[in-house]
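Chemist: next one to model:
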Amino acid sequence: MEYYEVNKEAIQQEKLELDKAAEEYGNDVAFLRPMGGSTMVRILPPYSAAGAFYRKIYKHYIYTPGKRPIIFGCAASMANEPCAVCAKGQELTDSRDEVAMKFARDQLRPRKQYLYNVLCHSAPPQGKGDPIEFGKVYVLEVGVMVHRQIIERDQDTIAGWADVANPQNGVNLVITRAGAGLTDTRYSVVPNGAGRTDVFADLAAAQKDPASLNLYNLDELYPFMPVEDVEKIAGSLKAPASPVAATFAPQPQPASPAVSPALAVSPAATTVAPAQVAPQPVLVQPTQPLTAQPALSPPATVDVSSYQPVQPQVAPQPQVAPQPQVVQTTIAPADAGQEAPQPPAVPAPPTE
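Modeler: Numbers count the residues shown, from 1 in each chain. Purely as a prediction, here's the structure:
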């Protein structure tokens, strides 16, 4: 087997770069996050001359398949500087596509959280499974719901729980988490029933040296990434395809053969669907001209003295009802030049 000697300088340089990256992005910090159940902490005094015992941050969580999330501070939210990830999220939001808007809201929007230096008396198992050690400084990372309650306790002078971060006369706080999910999770923050305590006395009782405690400079956690790296990350982000757009996207149609316009007949034109025609009154055209004939009965006895010549006009008899379907004025005779037949003439009575 052929092999070469280890380049110790290269390995050491790699170790230094990894340690530097871990220090810059806060990966070497002992974080503490409230899990399901109760966590009792003691908030430690301010870490800087600014006098605040907490720090508000905005950070991005960029998830990539098969890799750990990339976490970094948002320059736009904390320093009013350009952030390519925020610009990408705004671009997707302006598209008005529901899937893209949800992706920008859930994956690209910076999350607001708060950091505290704390001592932890008790807590449920953390993600790494490391046991909680009292006397070790942790960085408590919480959301707005817990932070608001901590500030309320610190300013509650009426109930007597104010000044919770005082090391010699402060208060231990119990943070209880119940429920699961983004919408069902609830937090409560209440003072421990033991009342006010002295941190230094508690450490001495646990055989811990208070002088060994070192507060984290919370301003150095979650620093901004170089602009070039953020732009590279933003350029690789793609929202999932919209299912609506995929369903209704126009499908390519095969090209139709060229046909002369004179011969181009739509298939629909070769089949004539029965038209829906409203019923109309039926008019029957008679083959012979229709003329009302008088109903005559020959008289059995003729009175010569009262006889009058019969006039051509014969009054209609009551028993003959007019036929509604025959309109005399609208039907022309078969031969326009031929006169309508007249009633037969009645012979004159015989002379004596």
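Chemist: going by C-alpha atoms from here, please, whenever you check contacts or count neighbours.
Modeler: Fine.
Chemist: break down the stretch 1-150 of the chain into its helices, ranges please.
Modeler: Chain-ordered helices for the stretch 1-150 of the chain, with DSSP state H, counting those that start in this stretch as the definition, fall at 8-24, 75-79, 84-94, 98-103, 144-154.
Chemist: what's in contact with the fourth one?
Modeler: In this case it means helix 98-103. Contacts with helix 98-103, where a contact means Cα atoms under 8 Å, 6 or more residues apart in numbering, come from 89, 92-95, 239-242.
Chemist: PyMOL command to pick out the buried ones of those residues?
Modeler: For selection in PyMOL, the members of those meeting the burial criterion (16 or more other Cα atoms under 10 Å) are listed in this command:
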select buried, resi 89+92+93
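Chemist: out of the helices of the stretch 1-150 of the chain, the one nearest A123 is which?
Modeler: Taking Cα to Cα as the measure, these were each checked against A123, and helix 144-154 came out nearest at 15.5 Å.
Chemist: quick check: next helix or strand after that closest one?
Modeler: Sequence-wise, the next helix or strand downstream of helix 144-154 (DSSP states H and E) is strand 170-178.
Chemist: what residues sit buried inside that next one?
Modeler: By neighbour count, with 16+ other Cα under 10 Å as the criterion, the buried positions of strand 170-178 are 170-177.
Chemist: and for stretch 83-93?
Modeler: Neighbour counts over stretch 83-93 (16+ other Cα under 10 Å) mark 83-86, 88-90, 92-93 as buried.
Chemist: likewise stretch 98-115?
Modeler: 99-104, 107-111, 113-115.
Chemist: re earlier: out of the helices of the stretch 1-150 of the chain, which comes closest to P34?
Modeler: The minimum distance between P34 and the helices of the stretch 1-150 of the chain falls on helix 144-154, with 9.5 Å, by Cα to Cα.
Chemist: which residues sit against the closest one?
Modeler: So helix 144-154 is in contact with 112-114, 161-165, 175, 187-191, going by Cα under 8 Å, 6+ apart.
Chemist: quick check: the farthest pair among those residues?
Modeler: Taking every pair in the contacts of helix 144-154 and measuring Cα to Cα, the maximum separation is 26.3 Å, between K112 and W161.
Chemist: so how many other residues sit close to the nearest residue to K136 once chain neighbours are set aside?
Modeler: Closest residue to K136 in three dimensions, ignoring its sequence neighbours and counting by Cα to Cα, 6 or more residues apart in numbering: L119, at 6.4 Å. Counted with other Cα atoms under 10 Å, the neighbours of L119 add up to 25.
Chemist: okay, the buried residues of stretch 98-115 in a markdown table with pLDDT next?
Modeler: Formatted as a markdown table, the entries for those read as follows, by pLDDT from 0 to 100:
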| residue | pLDDT |
| --- | --- |
| V99 | 92 |
| A100 | 91 |
| M101 | 93 |
| K102 | 92 |
| F103 | 91 |
| A104 | 92 |
| Q107 | 90 |
| L108 | 93 |
| R109 | 93 |
| P110 | 94 |
| R111 | 93 |
| Q113 | 95 |
| Y114 | 97 |
| L115 | 97 |
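Chemist: ok, of the residues you listed, which one's closest to A76?
Modeler: If you rank the buried residues of stretch 98-115 by distance to A76 using Cα to Cα, P110 comes first, at 9.4 Å.
Chemist: for that closest one, what are its contacts?
Modeler: When the contact criterion is Cα under 8 Å, 6+ apart, the partners of P110 are 58-61, 74, 77, 86.
Chemist: now do V190
Modeler: Shown here is V190, whose contacts under the criterion Cα under 8 Å, 6+ apart are 153, 173-175.
Chemist: what's the neighbour count on G235?
Modeler: Neighbour count for G235, taken as other Cα under 10 Å: 12.
Chemist: list the contacts of it.
Modeler: The contact partners of G235, by Cα under 8 Å, 6+ apart, come to none.
Chemist: state the distance from it to R68.
Modeler: Applying Cα to Cα, to the nearest Å, the value for G235 to R68 is 18 Å.
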